[in-house]
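Student: Sequence below, structure please.
(one chain, ligands or ions: 2)
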Amino acid sequence: MRTPEMTRDDHASSEAINKVRFVRSYAKINLTLDVLGKRPDGYHELATIMQTIDLYDTLCFSILDEDRVSMVCNRPELSNEHNLVVRAAQAIRQKLGLIRGLAIELNKRIPVAAGLGGGSSNAAATLLALQHWWQLPLSMHDLWEIASSLGSDIPFFLTGGLALCEGRGEQITPLAAHWPAPMRWLVLLKPAISVSTATVFRQLTASDYSNGSWSRAAETALQTRSALHPDDLYNSLERGVLEQYPEVAQAHTDMLQAGASFVRLSGSGPTLFSTFATLPAATRVQQHLQARGYEVYLTRPIAANNSEISFF
Ligand SMILES: C[C@@](CO)(OP(=O)(O)O)[C@H](O)COP(=O)(O)OP(=O)(O)OC[C@H]1O[C@@H](n2ccc(N)nc2=O)[C@H](O)[C@@H]1O
Ligand SMILES: Nc1ncnc2c1ncn2[C@@H]1O[C@H](COP(=O)(O)OP(=O)(O)O)[C@@H](O)[C@H]1O
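Tutor: Ligands and ions are numbered 1, 2, ... in the order given. The predicted structure is shown next:
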C-alpha cells in the first residue's frame, strides 16, 4: 500500500527492488581434509577445515507469474532442473507448500567440478536468499536440514567463513575468523580437467585414512593463533588424485617450479592451491603459471557474511 509520502516513482522503484534480488555465492578451499573411514551409508567420515574465498558466482532471482522454477545459466550444460539451485528452490517451495513462481539467472565464474564447492555454495545462497526475500518461517536448523539433504558441503555455505566440518561434512563448527598473515593471499590453479567427487572417494585406500589429527591440529593452531606450517596441511584425497590424473601431478610440479613453497589439493580437486604472505609474491607465481597457459586465480580468504577477515 502506498503511504501518503510516497510518490509514484518511489512506489515503482520499491516494487522493482522487491521483484529482483541479486546475491553472490562464494567458493571454498579445504585447508585440511582428513578422511577417517567409510561409513555404513556409503559416505566417508570427514574432518575438514573449510574457508570461503573471494571467488564468486552471481545469482539473480525474480518473480515468475507461473507455479514453477525456471533457471538459465551462462554454462548451458548446467541450465536444467538437476541444477542444485533449482533443487534448493524446489525443496523450500515443497517444505512450505509455496506456489510462488521463481526465475533464476546463474552466472558461473567458479570453475565447475573443481573441488571449490561452487554448486554447494549456489544451493546455500539460494536457500538464504529465498528465506530472506520471501520472509519465510524457517529456522537456521530447518535450512540446515534442507541443505544437508541436498549435499554434504551445502551446510557449510549457510555460514561460510572458516569452519571445521565433520561427519559427512554437514556438522559445522564455526571457527574464529582469524587467518595466518603468512597465508594472506591464495593462488589457485585449475587443471583443464573435471574430477568426479564420487570417483575420488571410491579410489581411496585404507592407507589414505587418518584419525582426524591433521584437522584438529590445524584447528588448534588457528584458534590459538599459533604458526601453521604448510607441512601441517593434509588432504587424504590428494595422493589418489595426483596418481590418477597426470595433468594434476604436472600442474603440482609446475606450481612448485613457479615459486610456490607448497601446493595442496582443494577437496576432491583438481584445483590446487598455495598461499603467500604478500601480493607481489602471489602475483609473480600467478603470472608465471598464466604464461604457461594455466587457468589461475589470485584470491584471498573472506570471513562469514563476506566481510574482511582478520589476520594474525
Ligand atoms: C570432497 C568435498 C570436500 O569439501 O568437496 P568437493 O571436492 O566436492 O568440493 C566434499 O566432501 C564433497 O561434498 P559434496 O560435493 O556436497 O558431496 P555429496 O554431493 O554429498 O556427495 C557426492 C559423492 O561424494 C562421496 N562422498 C561425499 C561426501 C562424503 N563425506 N563422503 C563421500 O563418500 C559420495 O560418493 C557421494 O555420492
Ligand atoms: N549450480 C551448480 N554449479 C556447478 N555445478 C553444479 C550446479 N548444480 C549442479 N551441479 C553439478 O554438480 C557437479 C559438481 O560441481 P561443483 O559443485 O562445481 O563441484 P565441486 O564441489 O567439486 O567444486 C557438476 O558436475 C554439476 O553437474
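Student: count of residues packed around Pro76?
Tutor: By the other Cβ atoms under 10 Å criterion, the neighbourhood of Pro76 contains 8 residues. Any C-beta I mention is one placed from the backbone N, CA and C, and that applies to glycine too.
Student: Please enumerate the helices of the chain.
Tutor: Applying DSSP state H to the chain gives helices spanning 8-19, 84-96, 118-133, 140-150, 154-159, 197-202, 213-223, 238-244, 246-257, 279-291.
Student: touching ligand 2 at all, the longest one?
Tutor: Yes. Under the criterion of Cβ under 6 Å from any ligand atom, helix 118-133 makes contact with ligand 2 via Gly118, Gly119, Ser120, Asn122.
Student: Would you quantify the distance from the last one to Arg68?
Tutor: Computed with Cβ to Cβ, to the nearest Å, the distance linking Asn122 and Arg68 is 19 Å.
Student: Which residue of the two possesses the greater neighbour count?
Tutor: Between Asn122 and Arg68, Asn122 has the larger neighbour count (other Cβ under 10 Å), namely 28 against 15.
Student: coming back round to it: same for ligand 1: which of the residues of helix 118-133 next to ligand 2 are within range?
Tutor: For ligand 1, the contacts drawn from the residues of helix 118-133 next to ligand 2 by Cβ under 6 Å from any ligand atom are Ser120.
Student: If you rank the residues of helix 118-133 next to ligand 2 by neighbours, which is first?
Tutor: Neighbour count (other Cβ under 10 Å) singles out Asn122 as the most crowded of the residues of helix 118-133 next to ligand 2, with 28 neighbours.
Student: so that residue touches Phe61, yeah?
Tutor: No. When contacts are counted by Cβ atoms under 8 Å, Asn122 is not listed as touching Phe61 (11.8 Å).
Student: where does this protein have low pLDDT?
Tutor: 1-18 (pLDDT under 70).
Student: isn't Met183 right up against Asp232?
Tutor: No. Under the criterion of Cβ under 8 Å, Met183 is not in contact with Asp232, lying 11.2 Å apart.
Student: Specify which residue of the two has the higher count of neighbours.
Tutor: Taking other Cβ under 10 Å, Met183 and Asp232 do not tie; Met183 has more neighbours (19 against 13).
Student: For this protein, what lies in contact range of ligand 2?
Tutor: So far as Cβ under 6 Å from any ligand atom goes, the chain lies against ligand 2 at 78, 83-85, 112-120, 122, 197, 267-268.
Student: Does ligand 1 have contacts with the longest strand belonging to the chain?
Tutor: Ranked by number of residues, the top strand in the chain under DSSP state E is strand 44-64. Yes. Using Cβ under 6 Å from any ligand atom, a contact is recorded between strand 44-64 and ligand 1, made by His44, Leu46, Thr48.
Student: Stretch 78-93 now?
Tutor: No. Judged by Cβ under 6 Å from any ligand atom, stretch 78-93 stays clear of ligand 1, getting no closer than 8.8 Å.
Student: Other residues contacting that stretch?
Tutor: Residues from elsewhere that reach stretch 78-93 (Cβ atoms under 8 Å, 6 or more residues apart in numbering): 59, 69, 71-73, 98-100, 102, 104, 106, 108, 112, 119-120, 122-124, 126-127, 130-131, 136, 138, 146-147, 149-151, 154.
Student: hang on, the earlier thing: just the closest of the residues of helix 118-133 next to ligand 2 to ligand 2, please.
Tutor: Of all the residues of helix 118-133 next to ligand 2, ligand 2 sits closest to Gly119, with 2.7 Å by Cβ to the nearest ligand atom.
Student: Please look at that closest one and Pro111 and confirm they touch.
Tutor: No. The pair Gly119 / Pro111 is not scored as a contact, 11.2 Å apart, by Cβ under 8 Å.
Student: Dump the helices of the chain to JSON lines, plus distance to Glu170.
Tutor: Listed next are the helices of the chain as JSON lines, based on distance: least, Cβ to Cβ, whole Å:
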{"stretch": "helix 8-19", "distance to Glu170": "33"}
{"stretch": "helix 84-96", "distance to Glu170": "15"}
{"stretch": "helix 118-133", "distance to Glu170": "11"}
{"stretch": "helix 140-150", "distance to Glu170": "4"}
{"stretch": "helix 154-159", "distance to Glu170": "5"}
{"stretch": "helix 197-202", "distance to Glu170": "15"}
{"stretch": "helix 213-223", "distance to Glu170": "15"}
{"stretch": "helix 238-244", "distance to Glu170": "22"}
{"stretch": "helix 246-257", "distance to Glu170": "27"}
{"stretch": "helix 279-291", "distance to Glu170": "32"}
